[in-house]
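Trainee: Next one to model:
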Amino acid sequence: MNNSSRIVITGIGWVTPLGHDIESVWQKMLDGRSAITRTDRFDASTFPTTFSAQVRDYDPRKFVKHPEYHEHVGHNTAFALGAARQAWASAGLDDAKIDPHRVGIYLGSGEGSLDFDNYVATALAGWREDKQAVDSVKWAAAAKASFTLEREVEQEPNMPLHHLAMELGARGPGYNCLTACAASTQAIGEAVEILRRGHADVMVSGGAHTMIHPFGVTGFNRLTALSTRNDDPATASRPFNRTRNGFVLGEGAGMVILETLEHAQSRGAKIMAEIIGYGSSADAFRITDMHPEARGPIASMKQAMDEAGLTIHDIDYISAHGTSTEENDKNETRAIKAVFGDHAKRVPISSIKSMIGHLIAAAGSVELITCVLAIRDQMIPPTINQIDPDPDLDLDYVPNKGRAAKVNVCLSNSFGFGGQNDTLIVKRFE
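Mentor: Residues are numbered from 1 along each chain as shown. Take a look at the predicted model:
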């Protein structure tokens, strides 16, 4: 197989703060619904940011076929399982006869989070069993003894990959990348390359992540990266708006099933879209700051468009990274203008982070899925909370309401801490 091999998307699935199925979540996005509310997973009342976009009412056991494989999993893995099972079923793979050695996985998944409530409960149980453990040293020892190695291992970033492989019986290539907010976009782009090299016929790819825990919130608050609009959480995520003051933490997972066109057609799969371009670059600048000339995002977009063989006039919609931070939104707008020139004002651009927050390592895959749905339904999701437009950011950000439009080709951007920039281009399958 060579680099000219066509790679198609045959299945999609997600677990998001707006819900856990494709159709209802997509409709909520088009309606401009916000999933951002007060954080209640832990007591955040003393933090500078007291809100987030949490996944609620979610039980992975409703999705998996082998719950016995997945006891004690962390949130990252639980989200990944639900999204992957949806995508697998969406692709019609439940009953397909495929070689498990030709099915691979490539995920973008960050570090897991300790389940603090369970940790404390387990520690207290250990303390009560040891009546002599009356001082903090003995209490800590009892807690450590009770907190099993299995739970500690589940915090490793490759655990979602491990559980997906068991659940799906995937014995082909297995990879995990940790490139912060660009991770799942990079994972999908690299999964495409694995298929083109002929190392697999099917790749399950995407991302899963949560940083809605005390360590995650503390870290981003110390970086002054999070919005502190505690008086109005639902409108706190304001990408490209003059009054933006930071991003909102979200969580969840997005998964796509990628196949070579030949393999998909041989089994009569329904093809949803085709990935035709992938670009990746590094800023080689500061850890948490984008280069002021946006050189990394410019390079990743140009590379993706060159690979796809497209001109600026071929792009119908841009799914922006659009975090709602002062720096990101300004630099992404600058990058789009540099690549598209005067045509930039005629390309609709939107950020679903305005509704579901920033899913960190899972953000790009969920945003790519919205591109697939935009192509399917000829509808573009909005950027909500466009309350006070920034006069310096003067592109078409699809304010507040979804929009009917011709959408045949979409470009999706993801930019991560450390200066990692990744871009995917997806088009209607012909």
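Trainee: show me where the chain has strands.
Mentor: For the chain, the strands defined by DSSP state E occupy 7-15, 37-38, 51-52, 103-109, 174-177, 202-210, 251-260, 273-282, 317-319, 349-350, 379-380, 403-404, 409-416, 420-427.
Trainee: CA atoms only: put the fourth one into CSV for me.
Mentor: Right, the one you point to is strand 103-109. The C-alpha coordinates for strand 103-109 follow below in CSV (Å, rounded to 0.1, in the frame of the first residue of the first chain):
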residue,chain,number,x,y,z
VAL,A,103,-7.2,-3.7,13.7
GLY,A,104,-5.1,-1.0,15.5
ILE,A,105,-5.7,1.8,18.0
TYR,A,106,-4.1,5.2,18.1
LEU,A,107,-5.3,7.5,21.0
GLY,A,108,-4.5,10.9,22.3
SER,A,109,-5.0,10.5,26.0
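Trainee: quick one on the thing from earlier: right, so of the strands of the chain, which gets closest to residue 242?
Mentor: With respect to residue 242, and counting by C-beta to C-beta, the nearest of the strands of the chain is strand 349-350 at 16.5 Å. Glycine gets a C-beta too; all of them are placed from N, C-alpha and C.
Trainee: How about residues contacting the closest one?
Mentor: Strand 349-350 is contacted from outside by 317-320, 322, 336, 380-383, 395-398, using C-beta atoms under 8 Å, 6 or more residues apart in numbering.
Trainee: Repeat the analysis, applying 10 Å as the threshold.
Mentor: 29, 239-240, 317-320, 322, 332-333, 336, 340, 367, 370, 374, 380-384, 386, 393, 395-399, 402-403, 411, 413 (C-beta atoms under 10 Å, 6 or more residues apart in numbering).
Trainee: hang on, the earlier thing: possible to save the strands of the chain as TSV with distance to residue 216?
Mentor: Output for the strands of the chain, formatted as TSV (distance: least, C-beta to C-beta, whole Å):
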stretch	distance to residue 216
strand 7-15	18
strand 37-38	16
strand 51-52	9
strand 103-109	14
strand 174-177	19
strand 202-210	8
strand 251-260	10
strand 273-282	24
strand 317-319	24
strand 349-350	26
strand 379-380	31
strand 403-404	33
strand 409-416	15
strand 420-427	19
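Trainee: any idea which of the ones you listed is most buried?
Mentor: Highest mean neighbour count of those: strand 202-210, a mean of 33 (counted as mean count of other C-beta atoms under 10 Å).
Trainee: What pairs with that strand, parallel or antiparallel?
Mentor: Sheet partners assigned to strand 202-210 using DSSP bridges are listed as strand 103-109 (parallel), strand 251-260 (antiparallel).
Trainee: Can you convert the ones you listed into a markdown table and add a column each for mean pLDDT and distance to residue 407?
Mentor: Output for the strands paired with strand 202-210, formatted as a markdown table (pLDDT from 0 to 100; distance: least, C-beta to C-beta, whole Å):
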| stretch | mean pLDDT | distance to residue 407 |
| --- | --- | --- |
| strand 103-109 | 97 | 25 |
| strand 251-260 | 98 | 17 |
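Trainee: Could you list the low-pLDDT ranges of the protein?
Mentor: 1-4, 113-154 (pLDDT under 70).
Trainee: how is it carved up into domains?
Mentor: Domain ranges of the chain: 7-113+155-427, 118-149, per automatic domain parsing.
Trainee: Tell me which of these is the most buried.
Mentor: By mean count of other C-beta under 10 Å, the domains of the chain have domain 7-113+155-427 as the most buried, with a mean of 21.
Trainee: what about that domain, how long is it end to end?
Mentor: Using C-alpha to C-alpha, to the nearest Å, one end of domain 7-113+155-427 lies 11 Å from the other.
Trainee: distance between it and the chain's centre?
Mentor: From the chain centre to the centre of domain 7-113+155-427 is a distance of 3 Å (C-alpha atoms, centre = their mean, to the nearest Å).
Trainee: Renumber starting at 261 from here on
Mentor: OK, 261 is where the count begins now, so the last one is domain 267-373+415-687.
Trainee: any idea how far the nearest residue to residue 354 once chain neighbours are set aside lies from residue 288?
Mentor: Using C-beta to C-beta, 6 or more residues apart in numbering and skipping the chain neighbours, the partner closest in space to residue 354 is residue 348 (6.7 Å). Distance check for residue 348 against residue 288: by C-beta to C-beta, to the nearest Å, it reads 23 Å.
Trainee: for residue 664, same thing?
Mentor: Distance from residue 664 to residue 288, by C-beta to C-beta: 17 Å.
Trainee: For the residue lying closest to residue 338 once chain neighbours are set aside, list the residues it contacts.
Mentor: Closest residue in space to residue 338, ignoring its immediate chain neighbours: residue 320 at 4.3 Å, by C-beta to C-beta, 6+ apart. Going by C-beta under 10 Å, 6+ apart, residue 320 touches 275, 280, 327, 330, 333, 335, 337-343, 345, 423, 427.
Trainee: nearest to residue 527, of those?
Mentor: For the contacts of residue 320, the residue nearest residue 527 by C-beta to C-beta is residue 345; the value is 18.8 Å.
Trainee: Residue 643 contacts residue 613, correct?
Mentor: Yes. In this structure residue 643 lies within contact range of residue 613 using C-beta atoms under 10 Å: 8.6 Å.
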